[in-house]
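Novice: 3D, please:
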Amino acid sequence: MRVWIVDYGLVSWLGGEKVVEALSELFPEADIFTHVLDPEVIKGTGLEHRRIFTTFINRLPFARRLYQNYLPLMPRALERLDLREYDLVISSESGPAKGVIVRPDARHVCYCHSPMRYLWDMRHDYEEGASWIKRLGMWALFPRLRDYDRLSSMGVDSFIANSHWVAKRIEKYYRRDASVIPPPVDVDSFYISENIGDYYLMVGQLTRYKRVDLAIKSFNELRLPLVIIGEGEEAASLKRMAGDTITFLGRQSFDVIRKHYAECQALIFPGVEDFGIVPVEAMASGRPVIAFRKGGACESVVENVTGVFFDNPTAGDLVAAVNEYQSKPCLFDPVKLKEHAQLFSKQHFLDQTRKFLLEGSGHE
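Specialist: Down below sits the predicted model:
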């Protein structure tokens, strides 16, 4: 059986790229295709020595940095790929990847991290943060891209969603059912520490939908230490908003990140994520999560066992949740948190995906 793995773009090392790495472990002889590849990103990973092909997008100017600007060209790039010799095609989708054309007797499985958020339910969030020139482009192109996105879903034989939250999106926008297999998290790389600091922690890209602004407003009011690890287009405005109890560390190495996970009071997670690997990494470090009760966090965090929820995206609600956590910190057993994180291990992903792909079984 010849296998083809199609990805949107290998230009960073986040959850989607780790899914491709795990899929390539399941199928060591598979060919991998992506729109754009940054060889530096995959150094030291399971993809470093794999055979990876790119579409013509990779040859366009500044493709590694501005690949999202080439979104309108990506459907044409996918349709030019010749997949006639492949029996199983797996697309890893959070941008255009599932639009490949396969043989009638070949199987196409899409592991969907999410239907493209900027085309569907979060388009207004992206428009608010865009320049007026980009907004004009969005208004002109997005209706046509939505039609393409919905049409390309018809060529998929089976959908796998990374969470029930994403499965609902797939049902809403594509009118398709999806089995649910959470993405792989390298939970064994994290450790429990006996030295717990006084700070709370945020980890991730500094983008609008992550709601870092909400955390900053809350901790300005609480006057408690908050450490923020990550970088992004919102960094400058967020730093102007932050009080003197908030520290920005920017981009950090994995060793620095896992040390902060292990020694923080709790992880702050105020955004709505498709799944959210960061809470699982915190729990694998034995630390609880204070999360907004919406999106993928509801599927990984267990209330009053591995974390605390707040119900409204307001500073007042988050402040109340932090105060609630501080009133019962002994409720959260680090060993139980780490045991819970094992439900989202890489091995769990491999076992469920192998069964789905090779035996045709679905999972919930």
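Novice: which residues are contacting the helix or strand where Arg150 lies?
Specialist: Element membership of Arg150 [criterion: DSSP states H and E] is helix 132-152. For helix 132-152, the external contacting residues (CB atoms under 8 Å, 6 or more residues apart in numbering) are 71-72, 75, 96, 98-99, 115-116, 118-120, 123, 126-127, 130, 173-174. The C-beta positions use only the backbone N, C-alpha and C, and glycine is treated the same way.
Novice: need the helices for the chain, in chain order.
Specialist: Residue ranges of the helices in the chain, as given by DSSP state H, are 15-26, 63-66, 74-79, 123-128, 132-152, 164-174, 212-222, 235-241, 254-263, 277-284, 297-300, 315-327, 334-341, 346-359.
Novice: Now the first one - C-alpha only, CSV.
Specialist: The C-alpha coordinates for helix 15-26 follow below in CSV (Å, rounded to 0.1, in the frame of the first residue of the first chain):
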residue,chain,number,x,y,z
GLY,A,15,0.7,20.5,17.3
GLY,A,16,-0.1,20.0,13.6
GLU,A,17,3.5,19.3,12.7
LYS,A,18,3.7,16.8,15.5
VAL,A,19,0.7,15.0,14.1
VAL,A,20,2.5,14.7,10.7
GLU,A,21,5.6,13.4,12.6
ALA,A,22,3.4,10.7,14.3
LEU,A,23,1.7,9.7,11.1
SER,A,24,5.1,9.3,9.4
GLU,A,25,6.0,7.0,12.3
LEU,A,26,3.0,4.9,11.5
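Novice: now it: mean pLDDT?
Specialist: Here helix 15-26 scores 91 as its mean pLDDT.
Novice: Next, the buried residues of that helix.
Specialist: Residues of helix 15-26 classed as buried: Gly15, Gly16, Glu17, Lys18, Val19, Val20, Glu21, Ala22, Leu23, Ser24, Glu25, Leu26 (neighbour count, 16 or more other CB atoms under 10 Å).
Novice: and which of these is nearest Trp165?
Specialist: Distance to Trp165 across these (CB to CB) is lowest for Gly15, with 14.0 Å.
Novice: about what we covered before: possible to save the buried residues of helix 15-26 as a markdown table with distance to Ala262?
Specialist: Converted to a markdown table, these look like this (distance: CB to CB, whole Å):
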| residue | distance to Ala262 |
| --- | --- |
| Gly15 | 21 |
| Gly16 | 25 |
| Glu17 | 24 |
| Lys18 | 20 |
| Val19 | 25 |
| Val20 | 28 |
| Glu21 | 24 |
| Ala22 | 24 |
| Leu23 | 29 |
| Ser24 | 30 |
| Glu25 | 27 |
| Leu26 | 30 |
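Novice: re the thing from before, tell me the mean pLDDT for the helix holding Arg150?
Specialist: Average pLDDT, helix 132-152: 82.
Novice: my read: Gln205 touches Ile228, true?
Specialist: No. The pair Gln205 / Ile228 is not scored as a contact, 10.9 Å apart, by CB atoms under 8 Å.
Novice: which one of the two has more residues nearby?
Specialist: More neighbours surround Ile228 than the other of Gln205 and Ile228, with 25 against 18 (other CB atoms under 10 Å).
Novice: give the contact list for the more buried one.
Specialist: By CB under 8 Å, 6+ apart, the contact list for Ile228 reads Leu201, Met202, Leu206, Val212, Ala215, Leu238, Ile246, Thr247, Phe248, Leu249.
Novice: Now for the fifth one, how many residues are close by?
Specialist: Okay, so that is Ala215. If we define neighbours as other CB under 10 Å, then Ala215 has 26 of them.
Novice: Over to Asp121?
Specialist: Asp121 sits with 14 neighbouring residues when counted by other CB under 10 Å.
Novice: and the closest residue to it other than its chain neighbours, what pLDDT?
Specialist: Excluding the flanking residues, the one nearest Asp121 by CB to CB, 6 or more residues apart in numbering is Arg169, at 7.1 Å. Per-residue confidence (pLDDT) for Arg169: 93.
Novice: Would you mind writing the ChimeraX command to select the buried ones in the contacts of helix 132-152?
Specialist: Filtering the contacts of helix 132-152 down to the buried ones (16+ other CB under 10 Å) takes a single ChimeraX command:
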select :71,75,96,98,99,115,116,118,119,120,126,173,174
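Novice: Check the offset of stretch 156-166 from the chain's centre.
Specialist: Centroid separation for stretch 156-166 versus its chain: 14 Å, with CA atoms, centre = their mean, to the nearest Å.
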